[in-house]
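can you look at this prediction? I've put the sequence above it.
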Amino acid sequence: MSRNFQLLLNPIMKTVYIAFACMIVVFPHTINANDEIKSLTKLQTQVQSLDWSRLIPLVTSSPDWPKVPSTFEVSKLHGESRTAAELKIKLAEILCRRIQEKSKSFISDGVNMDIQALNDLTDLANRLRQIGGYGNYVIAALSSEIVFYDLSGKLLRSSNAEAITDQLAKIVPEKADWKTRLKLLSQADPFLEVPDKASLIEEAIKKETLVEAFMELGLGLADAGTLYGRRASSYIDMLKGDYVLDLLYSTEMIEKYYLIGLRGTLEYIKSGGDLDDIRNFKTKDFVAVFKRTGASYSIPSLGVRSISPDDIGYLISIHNDSGIKEAFQARLLN
């Protein structure tokens, strides 16, 4: 072989080698992206079509169930990565609709949910929190709030404190670490993702309450207390958006519903308290009953240090006051 031919061949071989090397790197990535899209499409079909008894094991045990991003996170992606991310949100939306479909008659008609359905929603919420991701946290919060609504309705309809106590002992609400979650989800919300927010987030997580943290992030006092402009109209709206602050606030409020509203009402009834006293604003009777219980109630993230008649009153109103009941149900079901 002549020296000139070798010199000509070397650049050609280099080009072929580089192209082959690039193909080795890129092609598996393409295959992986395509495999993920196929897996997500299959999961969508299963979640849409399986009956409830087979749906729950699928979600709670499937190794393929993904972390679900926010729409803002999706907007930063391109190509197959974006297609896969969009499919994840659609998958979560289908699951959310199945949960609402399963729960609608119990919520709207005031019919008691069976124990298996309560356990299913609890297992579902626990699994989705374990997997993580903005969308999974949203569905977990929805599931937990539906369970709370059912248990509180049963208590008010029957005043059977013992039965609800047994169920509540098995359905422990999430003790959410909002500070860790704020950092984890800071890339999921355009309000939090801007460069100058990183140092503010570090300062925010040093605060004890959410209102203080939200003010540190740039919300005024009135907005921090109500999340004005940062609240979704429903869980589906939250899922299809990027409401990280709303999600954190909702999760803490659900904890309050369980640990103060529901547990407090149980203790109140078991200690001889009359719900009519709450309805009729007989605060002195309320205070006397709770002095006997010796129970303590505290949700530091919400600035709550003790229980008040309003906590039990709100639990009553979401089932008996038509306007409040309608708004509460709409947030769960729309």
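Thanks, I have the structure now. Numbers count the residues shown, from 1 in each chain.

in this structure Ser298 contacts Val304, no?
Yes: counting by Cβ atoms under 8 Å, Val304 is a contact partner of Ser298 at 6.2 Å. Every residue, glycine included, has its C-beta placed from N, CA and C.

quick one: which of the two has more around it?
Counted by other Cβ atoms under 10 Å, Ser298 and Val304 do not tie: Val304 has more neighbours, with 18 against 13.

distance of that one from Leu91?
For Val304, the distance to Leu91 (Cβ to Cβ, to the nearest Å) stands at 36 Å.

which ones are touching the spatially most central residue of the chain?
Nearest residue to the geometric centre of the chain (Cα atoms, centre = their mean): Val138, 2.7 Å. The contact partners of Val138, by Cβ atoms under 8 Å, 6 or more residues apart in numbering, come to Ala92, Cys96, Tyr235, Met238, Leu239, Leu247.

assumed it was part of a helix.
Yes: checked against DSSP: H, G, I helix; E, B strand; the rest coil, Val138 lies within a helix.

any idea how far Arg181 is from it?
12 Å.

same check on Ala169?
Ala169 is 26 Å from Arg181, by Cβ to Cβ.

what about the two, which has more around it?
Between Ala169 and Arg181, counted using other Cβ under 10 Å, Arg181 has the larger neighbour count: 19 against 8.

which of the helices or strands spans that one?
Take DSSP states H and E as the rule and Arg181 turns out to sit in helix 178-184.

and the helix or strand that comes right after that helix, what's buried?
Once helix 178-184 ends, the next helix or strand along the chain (criterion: DSSP H and E) is helix 190-193. The neighbour-count check on helix 190-193 (16 or more other Cβ atoms under 10 Å) flags Phe191, Leu192, Glu193 as buried.

quick one: average confidence on the following helix or strand past helix 190-193?
Next along the chain after helix 190-193, taking DSSP H and E as the criterion, comes helix 197-204. Across helix 197-204, pLDDT averages out at 90.

and helix 197-204, what does it pack against?
Packed against helix 197-204 by the contact rule (3 or more Cβ pairs under 8 Å, 6 or more residues apart in numbering; DSSP states H and E) you find helix 178-184, helix 210-216.

most tightly surrounded among those helices?
Among the helices and strands packed on helix 197-204, helix 210-216 has the highest mean neighbour count (mean count of other Cβ atoms under 10 Å), at a mean of 20.

helices or strands up against the helix or strand following it?
Sequence order places helix 221-226 as the next helix or strand after helix 210-216, per DSSP H and E. Helix 221-226 sits against helix 210-216, with contacts defined as 3+ Cβ pairs under 8 Å, 6+ apart.

for the helix it packs on, the averaged confidence score.
94.

out of the contacts of Val138, which end up buried?
Judged by 16+ other Cβ under 10 Å, buried ones among the contacts of Val138: Ala92, Cys96, Tyr235, Met238, Leu239, Leu247.

where does the first one fall, secondary structure wise?
So that's Ala92. Using DSSP H and E, Ala92 maps to helix 79-109.

again with the fourth one
Mapping Met238 onto the secondary structure by DSSP H and E places it in helix 235-239.

cool, and the last one?
Of the helices and strands defined by DSSP H and E, Leu247 is found in helix 244-256.

which residues touch the helix or strand that that helix is followed by?
Using DSSP H and E, the helix or strand that follows helix 244-256 in sequence is helix 263-270. Applying Cβ under 8 Å, 6+ apart, the external contacts of helix 263-270 come out as 152, 155, 159, 161-162, 164-165, 168, 275, 278, 286, 289-290, 293, 295, 297, 307, 311-312, 315.

after helix 263-270, next one along is what?
The first helix or strand that comes after helix 263-270 along the chain, using DSSP H and E, is helix 275-279.

restricting to C-alpha, output that following helix in CSV.
What follows is helix 275-279, C-alpha atoms only, in CSV (Å, rounded to 0.1, in the frame of the first residue of the first chain):
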residue,chain,number,x,y,z
LEU,A,275,-71.1,19.0,68.6
ASP,A,276,-74.2,21.3,69.0
ASP,A,277,-72.1,23.4,71.4
ILE,A,278,-69.6,24.0,68.6
ARG,A,279,-72.5,24.9,66.2
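
need the mean per-residue confidence for it.
88.

can you tell which of the helices and strands packed on helix 197-204 is closest to Val74?
Val74 lies closest to helix 178-184 among the helices and strands packed on helix 197-204, at 17.0 Å (Cβ to Cβ).

just how off-centre is the closest one within its chain?
Counting by Cα atoms, centre = their mean, to the nearest Å, helix 178-184 is centred 13 Å from the centre of its parent chain.

what helices and strands are in contact with it?
Using 3+ Cβ pairs under 8 Å, 6+ apart, helix 178-184 sits against helix 197-204, helix 210-216, helix 244-256.

check which helices and strands the second one sits against.
Counting contacts by 3+ Cβ pairs under 8 Å, 6+ apart, helix 210-216 is packed against helix 178-184, helix 197-204, helix 221-226, helix 244-256.

rewinding a little: work out the gap between the helix holding Leu247 and the centre of the chain.
8 Å.

now it against helix 263-270, angle please.
Between helix 244-256 and helix 263-270, the angle comes out at 20 degrees (axes from the mean of the first three to the mean of the last three Cα atoms, to 10 degrees).
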